[in-house]
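Enquirer: prediction below, plus the sequence it came from.
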Amino acid sequence: MKRMAFMMVLVTGLVFPPGASKAIAAESYPLVCRGGGAMTTSYTIWRGGEQAFRIRFAKARQGAGARQPAPGECAWVDRPLNNNEPAYLEFYTERGFRGIDLEMQGSNLVAKSYGHEVVRYLSQAIGKQQLFYVRAFNERGKNRLRITRTGP
């Protein structure tokens, strides 16, 4: 019995190492966006210290594989987002964005110094109206697409 319990702990530790978020284990898919347009950003700090960088975007009418998104739009590589999928991306961290310095520019929250490489990548692409690439999944019931990775 002790041996079986040890094996269960070992297997669980391999699948979800200590400190790993189970949400990150969800399968994520490639999403392509272009900064600019009506795309907006926000930054949230919760009581427990968790922090999130959030991006609101318009849904492109075609998949990014068929046509690159216009400024302010995002699309899955193989198809447009459907009506049941949220038009929000969120990068979340429990450790916070150390050293981030933010300011409002019009309706956008802009990072003057980033504190995190993901926030830097996203902020620069949005500010310069460039394409950016993320892998994300629909975190059902939370009205957001959770970013798990950035880059092509």
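Expert: Perfect, thanks for sending it.
Enquirer: worst-scoring helix or strand of this structure, pLDDT-wise?
Expert: Least confident helix or strand, the chain: helix 2-15 with a mean of 33, by mean pLDDT, DSSP states H and E.
Enquirer: show me the shaky parts of this structure.
Expert: For the chain, the stretches with pLDDT under 70 are 1-25, 49, 94-116.
Enquirer: and with 90 instead?
Expert: 1-27, 41-53, 91-124, 127, 139-144, 151-152 (pLDDT under 90).
Enquirer: what segments of it are strands?
Expert: 29-34, 40-45, 51-56, 58-59, 73-76, 88-93, 101-105, 108-113, 131-138, 145-150 (DSSP state E).
Enquirer: quick one: Trp76 from Asn82, how far?
Expert: 9 Å (Cβ to Cβ, to the nearest Å). The C-beta positions use only the backbone N, C-alpha and C, and glycine is treated the same way.
Enquirer: of those two, which one has the most company?
Expert: Between Trp76 and Asn82, counting by other Cβ atoms under 10 Å, Trp76 is the more crowded of the two (20 against 9).
Enquirer: now for that one: which residues touch it?
Expert: Trp76 sits next to Tyr29, Pro30, Leu31, Val32, Gly63, Ala64 when contact means Cβ atoms under 8 Å, 6 or more residues apart in numbering.
Enquirer: ok so, going back, and the strands of the chain as a markdown table, adding distance to Ala125?
Expert: A markdown table is the format used below for those (distance: least, Cβ to Cβ, whole Å):
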| stretch | distance to Ala125 |
| --- | --- |
| strand 29-34 | 8 |
| strand 40-45 | 11 |
| strand 51-56 | 10 |
| strand 58-59 | 16 |
| strand 73-76 | 12 |
| strand 88-93 | 12 |
| strand 101-105 | 15 |
| strand 108-113 | 12 |
| strand 131-138 | 4 |
| strand 145-150 | 9 |
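Enquirer: any idea which of those is most buried?
Expert: Most buried of those, by mean neighbour count (mean count of other Cβ atoms under 10 Å): strand 73-76, with a mean of 24.
Enquirer: partners of that strand, with directions?
Expert: Strands adjacent to strand 73-76 in the sheet, as given by DSSP bridges, are strand 29-34 (antiparallel), strand 58-59 (parallel).
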